[in-house]
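Participant: sequence and computational prediction follow.
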Amino acid sequence: MNPVSLEFLTEQLELGEQLLAHRGEMLEPQDLPGRYGRVVRAIDHLLQDLNCESVLAGGWAVWRHGYFGRMTQDIDIVLPSARIEEFLRVAAVSGFEVFVQPEGRWPKLLHKETHIKVDILPEGGRPGTANKLAPTTIPHPKSLGAIGSTLRYIDLSALIELKLAAGRPRDEGNVAELLRVQLDQADAIRAHLAGVHPDYVAMFNGLVERARAQRDE
């Protein structure tokens, strides 16, 4: 967690202004400004060295798909399960600190130059909370929109799938906010979710109604 200092708040205000002014030009993760663009490019170097696919999920993907009020301090990437150990080994000698995690916890890194944390969402990992795990696991990045060995944003339907799988109120809130600007995509998203799990369709339908109500207020 970054300390809430005057320097930190100033940086966040400047970042918000850049994102607002140039959001129409920031179509790929590599276009993110400042420290965030630098850490994305550092991740790209690792992916290219390993010839590995990945997508950017989490808060930055929510921002990219239309919820411009959503900003985050971390970078969340999905990696193939078979490549994670190798990715961490190369990252540890390429400008990243790899955190020691308790058994069963997902990997985390720190990009030393920018002090930005990178959370790895592993293929096959089961999202959810301690009280309620998701009925599905995280798919391979290729199923989420990955192409080649350059970091790409996760597809909208796949992002909503992972948000619903996480099962937290803030994730459901992110979906509702996205739907306020992406309601024309509701049928396509619903069709995607129907092929994943019926629980997600039921949750999604409720959030569609919530988004419609909020948009009409």
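Facilitator: Thanks, I have the structure now.
Participant: from Leu46, how far off is Arg89?
Facilitator: 10 Å (CB to CB, to the nearest Å). Yep, even glycine has a C-beta here, placed from its N, CA and C like the rest.
Participant: between those two, tell me which one has more neighbours.
Facilitator: Leu46 (21 against 12; other CB atoms under 10 Å).
Participant: my read is that that one contacts Val90, right?
Facilitator: Yes: between Leu46 and Val90 a contact is recorded at 5.7 Å, counting by CB atoms under 8 Å.
Participant: can you give the contact residues for stretch 141-161?
Facilitator: 28-30, 40, 43-44, 47-48, 50-57, 60-62, 64-65, 77-80, 123, 136, 139, 162, 175, 178, 182, 185, 188-189, 192-193, 196, 200, 204 (CB atoms under 8 Å, 6 or more residues apart in numbering).
Participant: actually stretch 103-114, not the one I wrote
Facilitator: 35-36, 38-39, 42, 84, 88, 91, 95-99, 101, 116-122, 125.
Participant: domains in this protein, by residue range?
Facilitator: 1-154, 155-217 (automatic domain parsing).
Participant: could you dump these to a markdown table with mean pLDDT?
Facilitator: Formatted as a markdown table, these follow (pLDDT from 0 to 100):
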| stretch | mean pLDDT |
| --- | --- |
| domain 1-154 | 87 |
| domain 155-217 | 93 |
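Participant: and the gap between Phe96 and Arg210?
Facilitator: 39 Å.
Participant: more neighbours: these two, which one.
Facilitator: Phe96 (21 against 17).
Participant: beta-bridge partners for that one, please?
Facilitator: Using DSSP bridges, the beta-bridge partners of Phe96 come out as His111.
Participant: that one is in contact with Val118, isn't it?
Facilitator: Yes: Phe96 is within contact range of Val118, at 7.2 Å (criterion: CB under 8 Å).
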